[in-house]
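*Asks:* fold the following.
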Amino acid sequence: MRTRNGRRAFSGIVALGAVLLTWILTGESSPLAGYFLFNVGVPNVWRLFNTLPFIVAALISRNPGGGPAVLFTVLQFAQWFIIAYGLSTFVSRVQADASV
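*Replies:* The predicted structure is shown next:
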């Protein structure tokens with residue numbers, strides 16, 4: 001992941017994975033919706049990690065109950081893309097320093 005395009009690809013995959021995981025854990029049409037209806041520990045922790053996009057979507061849409069699902073999804077993708085890009089940049093620099 002030394003190239004910028006490699007870090008972008010990695011970040012995009014992580015961000016898409018985060019959106020997919022949100023659907024699996026909280027989506028009504030998820031194949032595991034019935035299971036997570038009664039086992040709420042993991043979905044609640046995942047929602048905690050995604051609090052910032054939810055709040056920002058609510059502020060943008062001026063709806064105290066939360067913003068539209070599309071806006072939340074875009075903000076969630078952006079959050080996890082930034083986190084993954086920052087992490088991959090950090091790891092890349094640590095590897096570069098270690099090889100010198």
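*Asks:* helices or strands next to the longest helix out of those in the chain in the packing?
*Replies:* If each helix of the chain is counted by residues according to DSSP state H, the longest one is helix 69-99. With contacts taken as 3 or more C-beta pairs under 8 Å, 6 or more residues apart in numbering; DSSP states H and E, helix 69-99 sits against helix 4-26, helix 51-61. (Each C-beta comes from the backbone N, C-alpha and C, glycine too.)
*Asks:* confidence score at residue 100?
*Replies:* Per-residue confidence (pLDDT) for residue 100: 67.
*Asks:* oh, that last question was meant for residue 1, not what I typed.
*Replies:* pLDDT, residue 1: 46.
*Asks:* need the contact list for residue 71.
*Replies:* Residues near residue 71 by C-beta atoms under 8 Å, 6 or more residues apart in numbering: 57, 60-61.
*Asks:* from those residues, list the buried ones, please.
*Replies:* Buried members of these, counted by 16 or more other C-beta atoms under 10 Å: residue 57.
*Asks:* may I see the contacts of residue 71 organised as JSON lines, with distance to residue 3 and pLDDT added?
*Replies:* JSON lines is the format used below for these (distance: C-beta to C-beta, whole Å; pLDDT from 0 to 100):
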{"residue": "57", "distance to residue 3": "33", "pLDDT": "94"}
{"residue": "60", "distance to residue 3": "33", "pLDDT": "94"}
{"residue": "61", "distance to residue 3": "37", "pLDDT": "93"}
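*Asks:* between the contacts of residue 71, which is nearest residue 87?
*Replies:* Of all the contacts of residue 71, residue 57 has the smallest distance to residue 87: 23.6 Å, by C-beta to C-beta.
*Asks:* residues near the residue lying closest to the closest one once chain neighbours are set aside, how many?
*Replies:* Leaving aside its sequence neighbours, residue 57 sits nearest to residue 67 (C-beta to C-beta, 6 or more residues apart in numbering; 2.9 Å). Residues contacting residue 67 under the criterion other C-beta atoms under 10 Å number 21.
*Asks:* so residue 67: helix, strand or coil?
*Replies:* What DSSP: H, G, I helix; E, B strand; the rest coil gives for residue 67 is coil.
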